[in-house]
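*Asks:* A predicted structure for the sequence below; I have some questions about it.
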Amino acid sequence: MSAERPDDLDRGAINRRAMLGDAWVERSLGQANSFNAEFQSQVTRHAWHDIWGRPGLDAQTRRLLVLGMTMGLARWEEFELHCRAALRGGVPLAVIKEALMQGAIYCGVPAANTAFKITVGICQAEGIALDPAPLLPGHRVETHHTFSLPQLRVALQGPVDAAKPGVPVVLSHALGMRLEMWDGLAAALAPQHPVLRYDHRGQGASAAVQTVYSLDDLVDDAARLITEWGRGPVVFVGLSMGGLVGQGLGIRYPHLVRGLLLANTAATYPESGRANLAQRAAAVRAGGMAAVADAVLERFLSDATRASQPALAADVRGSLLRADAESYALAALAIQSADWRPALASIRCPVQVVAGAQDAGSTVAMAQAVADGIPGAQLSVLEAAHLSVLEQPAGFWQALQQLLARVG
């Protein structure tokens, strides 16, 4: 064995342990023999120190590159080793899925098929739960864009027979998020209820917008979707900006809604809230979504949730970073001057208001004001920050079930 740069062997071993775990490295180095010891030394020094130790890429990016390369070369033993290590090392499964989806294009479908099979097997062995997502009619998610303008991305799932008794439900997301925010709730509803989710104009995968619009335009978009769907009147579930849209539907299009769940929202914003929206719009126009993503994440999810569910926090942050900056700014300015207070009393359908006890932007007091303004509205307070459906899915589900029971 070469004695050249012996310290690099130790440095490489540190990186190798950090990426693959102590047990694997103990076996590889501890069981080296006169035939393979020099090879193990070479791999540890040159791969794990000279390459993995370089500063140009973070560890997660290097992990994903290795998965893609071993997938393309069909080196399945190495792929399995690095995939398991990546999951144990905290790489979100959703990120690994995206790497394999990318590989399906550049490495080929057969390679991706094998990679997905191996990864599913690793998840099962590691106790990582995979939610069912059957692709049979009535279960699968059908995604398309509207023909009417501006084009909005829509996802449909649930019973396909319009004669079935399930109440149709529409889900409307928060500023900077996208329809995937509702994945869990939509899957829970779909066995009994037809569900429509959509990306607001300029957000998610809806068509980008570059012109100023108003909250009334967002309400018109929702009314257009419900009308084109042909399953109304619906139970409309809106969170944050979606809750503002829901209030507008109840006021301006009462014939399209049979119930409203208004979560983490307000009828109007105080001056501080309006100033915050204007500041965020200016910040993203100057520095892109990265200028506000961390601050918004702190508002969206509580400290405890960000600490205990890092994958969820990373997913929310990733959604924010993928948002189009100009579209985000236009949406923030569109809702800035919202004030439904004078017309709340005209809403006659059953209403369930949901608030987060730790929501600093749309406070419990704001939610109470909405509930007080709507005849018969009920208020549920969850131990959550702004994205209550993600932090407290069980409590959110219970609030929705209360509303559906009232709707009948």
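*Replies:* It's in. Residues are numbered from 1 along each chain as shown.

*Asks:* For the rest of this, base every contact and every neighbour count on C-alpha atoms.
*Replies:* OK.

*Asks:* Three-state assignment for the most centrally placed residue in the chain, please.
*Replies:* With distances taken as CA atoms, centre = their mean, the chain has M181 as the residue nearest its mean C-alpha position (4.5 Å). What DSSP: H, G, I helix; E, B strand; the rest coil gives for M181 is helix.

*Asks:* How far off centre is stretch 28-39?
*Replies:* Distance of stretch 28-39 from the chain centroid (CA atoms, centre = their mean, to the nearest Å) equals 45 Å.

*Asks:* now stretch 204-218
*Replies:* 20 Å.

*Asks:* Start and end of it, how far apart?
*Replies:* 14 Å (CA to CA, to the nearest Å).

*Asks:* what mean pLDDT does that stretch have?
*Replies:* Mean pLDDT, stretch 204-218: 95.

*Asks:* still on that earlier bit, and the residue nearest to the centre of the chain, how far from V95?
*Replies:* In terms of CA to CA, M181 sits 16 Å off from V95.

*Asks:* And L382, by the same measure?
*Replies:* 29 Å.

*Asks:* Neighbours of M177, how many?
*Replies:* 24 (other CA atoms under 10 Å).

*Asks:* for it, what are its contacts?
*Replies:* Neighbouring residues of M177 by CA atoms under 8 Å, 6 or more residues apart in numbering: Q203, G204, V316, S319, L320, A323.

*Asks:* So which residues make contact with stretch 107-116?
*Replies:* Residues contacting stretch 107-116 (CA under 8 Å, 6+ apart): M71, G72, A74, W76, F79, L100, M101, G103, A104.

*Asks:* again, but for stretch 327-344
*Replies:* Here stretch 327-344 has contacts from 175-176, 202-203, 208-215, 241, 244, 247-248, 251, 267-269, 273-274, 277-278, 280-282, 284-285, 370, 373-374, using CA under 8 Å, 6+ apart.

*Asks:* neighbour-wise, which of L382 and V95 wins?
*Replies:* L382 (22 against 15).

*Asks:* which residue sits closest to the more buried one, ignoring its sequence neighbours?
*Replies:* G356 (5.0 Å; CA to CA, 6 or more residues apart in numbering).

*Asks:* Verify the stated contact: that neighbour with L390.
*Replies:* No: contact criterion CA atoms under 8 Å: G356 and L390 do not qualify, at 11.4 Å.

*Asks:* more neighbours, the two?
*Replies:* Remark: of G356 and L390, G356 carries more neighbours, 27 against 21, as counted by other CA under 10 Å.

*Asks:* May I have the phi/psi pair for the more buried one?
*Replies:* phi -110, psi 130 (degrees, to the nearest 10).

*Asks:* can you offset everything so residue one is 456?
*Replies:* All right, first residue 456 from here; so that's G811.

*Asks:* Just list the residues touching it, thanks.
*Replies:* G811 neighbours (CA under 8 Å, 6+ apart): N719, T818, V819, V836, L837, E838, A839, A840, H841, S843.

*Asks:* which one among those gets closest to T574?
*Replies:* S843 (30.5 Å; CA to CA).

*Asks:* Relative to G693, how far out is the closest one?
*Replies:* For S843, the distance to G693 - CA to CA - is 12 Å.

*Asks:* Domain ranges for the protein, per the record?
*Replies:* Following automatic domain parsing, one finds the domains of the chain at 461-581, 597-862.

*Asks:* Please name whichever of the ones you listed is nearest to P589.
*Replies:* Of these, nearest to P589 by CA to CA is domain 597-862, at 10.2 Å.

*Asks:* Now find how far off-centre the closest one is within its chain.
*Replies:* 13 Å.

*Asks:* Tell me which stretches of the stretch 706-855 of the chain form helices.
*Replies:* 726-742, 748-755, 758-763, 765-777, 780-791, 819-828, 843-846, 848-862 (DSSP state H, counting those that start in this stretch).

*Asks:* I'd like those as TSV, with mean pLDDT and distance to F571 appended.
*Replies:* Below are those laid out as TSV (pLDDT from 0 to 100; distance: least, CA to CA, whole Å):
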stretch	mean pLDDT	distance to F571
helix 726-742	97	37
helix 748-755	97	30
helix 758-763	96	27
helix 765-777	94	20
helix 780-791	97	33
helix 819-828	98	44
helix 843-846	98	26
helix 848-862	97	28
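
*Asks:* wait, which of the ones you listed is closest to L591?
*Replies:* Here helix 848-862 is closest among those (CA to CA), at 24.3 Å.

*Asks:* Low-confidence ranges, the stretch 456-605 of the chain, go.
*Replies:* 456-461, 593 (pLDDT under 70).

*Asks:* before we move on, the earlier item: so for S843 and G693, which residue has more residues nearby?
*Replies:* S843 (27 against 24).

*Asks:* coming back round to it: show me which of the contacts of stretch 782-799 are buried.
*Replies:* Burial by neighbour count, 16 or more other CA atoms under 10 Å: within the contacts of stretch 782-799 this picks out 630-631, 657-658, 663-664, 669-670, 696, 699, 702-703, 706, 722-724, 729, 732-733, 735-737, 739-740, 825, 828-829.

*Asks:* between the contacts of M632, which is nearest C804?
*Replies:* Distances from C804 to these, taken by CA to CA, are shortest for Q658, at 28.6 Å.
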